[in-house]
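quick one: sequence and predicted model below, then my questions.
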Amino acid sequence: MGEFRSFDGLRIAYQELGEGRPVVLLHGVMGLGSQWIDQGPARMIADSGFRVILPDLRGHGASDRPHDPAAYPPDVLADDGLALVEHLGLDDYDLGGYSLGGRVTLRMLARGARPRRAVIAGQGLDVLEGVTSRTGGIKGTLAAIVNGGELDAAARQTAYWLEQVGADPHALVHVPDTHVATPVEALREIQAPTLVAIGDADHARAAADQLAAALPVSRFVRLPGDHWTAFTSPEFGTAIVDWIRNLSPM
């Protein structure tokens, strides 16, 4: 596990596996970089000849998890991602993310990141919006956990998940406030060919094909599964490896 100080001095932790061309992969909300290893395709990607770099996003995992809302300004996760690329001196690399990580990937691309190829997975066209139909539910659930309110079945499941992964809801509750919108015009400036991938049963993000169509150079693929099982599917790893190896057509 490595670490560095981001633009504002906050500590961001990351881990690496494999050797070769760098691939930075960003995890989902309430997740960990290590999920790409334990449940996702990181080992497959590393075994295919790549150096896989897996940060824990601000407020998550082994990175600093401040409770002060001032530590979560708009677009700060993209700021951290750009700072990581600079810290590691990456100028020839690939970049991708799943769910929240896909949102951060898009923001990094819109903000000037220039990977050779990119992956945005587990996101639909509403990733362009600052607030989606899911944002309020996530923030409300985390607020209820933080405030000790009465939890419904879904919130109890979330609380159990946070306990299992050692997450801090007092930090995570501020993460949705960092989201900002991406103007459609900004997509036209994205130079990296981008793979957009979605589970065929991930109905809340069904407009992923429209996201792919809005990008200048992209490929759209459907994976078997819902929002979670698509991430864990071997087809996801194969799609990423083929894409960053330039084996998938654009």
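Happy to help now that I have it.

tell me which residue is most central in this structure.
Computing the C-alpha centroid of the chain and ranking residues by C-alpha atoms, centre = their mean puts Gly101 first, at 0.7 Å.

for Gly148, see how far away it is.
According to C-beta to C-beta, to the nearest Å, Gly101 stands 30 Å off from Gly148. (Glycine included, C-beta is placed from N, CA and C.)

using PDB, write out the CA atom coordinates for whichever strand or helix holds the residue nearest to the centre of the chain.
Following DSSP states H and E, one finds Gly101 within helix 100-110. Only the C-alpha atoms of helix 100-110 are listed here, as PDB (Å, rounded to 0.1, in the frame of the first residue of the first chain):
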ATOM      1  CA  LEU A 100     -18.800   6.300  -8.600                       C
ATOM      2  CA  GLY A 101     -15.400   5.500 -10.100                       C
ATOM      3  CA  GLY A 102     -16.900   5.900 -13.500                       C
ATOM      4  CA  ARG A 103     -18.300   9.300 -12.600                       C
ATOM      5  CA  VAL A 104     -14.800  10.300 -11.300                       C
ATOM      6  CA  THR A 105     -13.200   9.000 -14.500                       C
ATOM      7  CA  LEU A 106     -15.600  11.100 -16.600                       C
ATOM      8  CA  ARG A 107     -14.800  14.200 -14.500                       C
ATOM      9  CA  MET A 108     -11.000  13.600 -14.900                       C
ATOM     10  CA  LEU A 109     -11.400  13.300 -18.600                       C
ATOM     11  CA  ALA A 110     -13.500  16.500 -18.800                       C
END
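
which residues sit against it?
Outside of helix 100-110, the residues that reach it under the criterion C-beta atoms under 8 Å, 6 or more residues apart in numbering are 25-29, 31, 57, 75, 77-78, 81-82, 85, 95-97, 115, 118-123, 127-128, 175, 179-180, 182, 186-187, 189-190, 192, 194.

what's the mean pLDDT across that helix?
In this model, helix 100-110 carries a mean pLDDT of 98.

ditto for stretch 157-164
Here the mean pLDDT over stretch 157-164 is 90, rounded to a whole number.

for stretch 22-37, same thing?
Summarised as a single mean, pLDDT over stretch 22-37 is 97.

how long is stretch 52-69 end to end?
31 Å (C-alpha to C-alpha, to the nearest Å).

angles on the backbone of the residue located most distally from the centre of the chain, please.
In terms of distance from the mean C-alpha position of the chain, Glu150 ranks first, at 29.7 Å (C-alpha atoms, centre = their mean). For Glu150, the backbone dihedrals are phi -70, psi 130 (criterion: degrees, to the nearest 10).

so who does the nearest residue to it once chain neighbours are set aside touch?
Using C-beta to C-beta, 6 or more residues apart in numbering and skipping the chain neighbours, the partner closest in space to Glu150 is Ala144 (7.4 Å). Listed by C-beta under 8 Å, 6+ apart, the contact partners of Ala144 are 150-151, 155.

name the SS class of Ala144, please.
With DSSP: H, G, I helix; E, B strand; the rest coil as the basis, Ala144 sits in helix.

likewise for Ala83?
On the three-state scheme (three-state DSSP), Ala83 is labelled helix.

close enough to count as contact, it and Phe4?
Yes. Contact criterion C-beta atoms under 8 Å: Ala83 and Phe4 qualify, at 7.5 Å.

how much space between Leu151 and Ala167?
Where Ala167 is concerned, Leu151 sits at a distance of 16 Å (C-beta to C-beta).
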